[in-house]
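Return atomic coordinates for the entry below.
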Amino acid sequence: VSTQSTGDVELKMALPNPNIKASDLKIDIKPYNLKIQLKQESNLQTLLEEKLHSLVKPEDSMWSLHKGECLQINFEKGRDGYWWTAMFEGGHTIKLDSIDTTRYMHEFGQDERACVQKLMFDQQQKRLGLPTSDELSTEEILKNAWNAEGSPFAGTEYDRSKINLSNSFPPGASGT
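Got it, this is the predicted structure:
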């Protein structure tokens with residue numbers, strides 16, 4: 001069984017014996033490979049050895065044992081936001097439509113956070129019938145140009161009604 005988020009992939013695997021302890025396991029996580037071995041007396045029995053679907057960060061990945069019955073491995077993805085279609089190469093397909101794609105604001109980088117905040121502001125402005133951030137920015141540029149040297153409006157008070165800020169052109173006009 002496996003699940004994933006934008007930054008990690010989780011594997012849960014049933015173990016053959018409920019009395020297994022963490023010290024009985026040898027877990028080897030490499031950037032593209034996973035090997036799980038069970039220590040039995042003087043030898044190792046390989047329970048799983050597979051090539052992972054995509055790159056992981058072994059140093060940021062971890063595993064835990066639950067009541068000796070279930071091994072849980074959390075792999076930190078090598079590429080954030082990349083959705084895996086399978087846990088292992090050639091393995092069972094993960095249903096991408098069942099993945100929770102929710103991300104918290106603190107998980108975003110500074111640029112991504114700023115973009116999300118701008119989108120939220122613009123959505124609120126549209127809902128209230130007010131200008132979006134791009135429209136406000138355009139209007140600020142126009143206000144500054146209103147009295148600039150060579151402007152046909154120089155010396156008059158700024159009047160928004162004399163400017164068409166829509167993205168559409170009148171019938172028959174071309175935008176190119």
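
What number of neighbouring residues does Asp134 come out with?
Other residues near Asp134 come to 12 when the count uses other CB atoms under 10 Å. Every residue, glycine included, has its C-beta placed from N, CA and C.

How about Phe75?
Neighbours around Phe75, by other CB under 10 Å: 27.

Quick check: nearest residue in space to it, chain neighbours excluded?
In space, not counting the residues next to it along the chain, Phe75 is nearest to Val56; the distance is 4.2 Å by CB to CB, 6 or more residues apart in numbering.

show me where the chain has strands.
2-4, 8-14, 25-29, 33-40, 43-51, 56-66, 70-77 (DSSP state E).

could you redo those as JSON lines and give each row mean pLDDT and distance to Arg127?
Formatted as JSON lines, these follow (pLDDT from 0 to 100; distance: least, CB to CB, whole Å):
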{"stretch": "strand 2-4", "mean pLDDT": "78", "distance to Arg127": "33"}
{"stretch": "strand 8-14", "mean pLDDT": "90", "distance to Arg127": "35"}
{"stretch": "strand 25-29", "mean pLDDT": "95", "distance to Arg127": "47"}
{"stretch": "strand 33-40", "mean pLDDT": "93", "distance to Arg127": "48"}
{"stretch": "strand 43-51", "mean pLDDT": "93", "distance to Arg127": "49"}
{"stretch": "strand 56-66", "mean pLDDT": "94", "distance to Arg127": "40"}
{"stretch": "strand 70-77", "mean pLDDT": "93", "distance to Arg127": "35"}
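
Switch these over to TSV; also include distance to Asp134.
Shown next, in TSV, are these (distance: least, CB to CB, whole Å):
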stretch	distance to Asp134
strand 2-4	35
strand 8-14	35
strand 25-29	46
strand 33-40	47
strand 43-51	46
strand 56-66	37
strand 70-77	33
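
So for Glu107, which of the ones you listed sits nearest?
Closest of those to Glu107 is strand 8-14, at 11.0 Å (criterion: CB to CB).

Parallel or antiparallel, which strands does that closest one pair with?
strand 2-4 (antiparallel), strand 70-77 (antiparallel) (DSSP bridges).

As CSV, those strands with distance to Pro131 would be great.
Shown next, in CSV, are the strands paired with strand 8-14 (distance: least, CB to CB, whole Å):
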stretch, distance to Pro131
strand 2-4, 39
strand 70-77, 39
